[in-house]
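Peer 1: Starting from these lines, generate the structure:
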Amino acid sequence: MFQRDFIMNEARKFALMLAKLLGLKAEGEYEEYLKYFNEVLDEEYNAELDELLKLDEDAFKKRLTDANYSAEKLNALGQMLYVFAEPFTANEETAALLKKVMVIFNLLQTEHHYESFDNVTRRNAIHKYFETNYERT
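Peer 2: Model prediction:
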């Protein structure tokens with residue numbers, strides 16, 4: 001019972017965090033959005049965006065695996081990075097972010113046996129981005 005309550009509280013916390021990020025981005029409050037985004041990365045994941053971007057896919061996966069995040073926390077990070085990458089422009093930063101989102105989605109599926117329709121839809125959008133901009137990267 002306690003574990004289920006903990007998981008539900010974590011899911012609520014991350015849902016509220018994502019809602020705030022989406023709201024700030026939608027309202028065009030980019031400075032506030034970026035500030036909050038970086039605060040969440042620091043507080044919840046002990047990371048900085050530039051640091052994560054510098055990691056290749058294997059090093060990123062190792063960092064996540066070593067941190068042993070819950071499925072909810074991993075999913076929230078994937079959603080954060082996906083939203084941060086929007087709108088998808090054909091540049092190296094966006095490609096690096098989306099590759100990391102795919103690493104997260106793959107970890108969720110293989111290690112946590114977690115899949116959602118939202119993640120499947122986003123995975124398809126990422127595949128389309130790479131097919132369109134990088135011809136099967």
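Peer 1: residue ranges of the helices in the chain, please?
Peer 2: 2-26, 30-45, 49-54, 57-67, 71-85, 92-111, 117-134 (DSSP state H).
Peer 1: Dump those into CSV; add mean pLDDT and mean neighbour count as well.
Peer 2: (Each C-beta comes from the backbone N, C-alpha and C, glycine too.) CSV is the format used below for the helices of the chain (pLDDT from 0 to 100; neighbours: other C-beta atoms under 10 Å):
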stretch, mean pLDDT, mean neighbour count
helix 2-26, 72, 13
helix 30-45, 90, 15
helix 49-54, 90, 14
helix 57-67, 96, 14
helix 71-85, 92, 21
helix 92-111, 95, 18
helix 117-134, 93, 14
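Peer 1: For the residue nearest the centre of the chain, give its distance to residue 28.
Peer 2: When C-alpha atoms, centre = their mean is applied to the chain, the residue found nearest the centroid is residue 78 (1.8 Å). In this view, residue 78 and residue 28 are 24 Å apart by C-beta to C-beta, to the nearest Å.
Peer 1: and if you look at residue 42?
Peer 2: Distance from residue 42 to residue 28, by C-beta to C-beta: 24 Å.
Peer 1: again with residue 63
Peer 2: Per C-beta to C-beta, residue 63 is found 32 Å from residue 28.
Peer 1: Could you do residue 9 as well?
Peer 2: 31 Å.
Peer 1: does residue 100 really touch residue 52, like I thought?
Peer 2: Yes. With contact defined as C-beta atoms under 8 Å, residue 100 counts as touching residue 52 (6.6 Å).
Peer 1: Now for residue 38: which residues touch it?
Peer 2: Counting by C-beta atoms under 8 Å, 6 or more residues apart in numbering, residue 38 touches 48, 49.
Peer 1: Please report phi then psi for residue 29.
Peer 2: phi -90, psi 70 (degrees, to the nearest 10).
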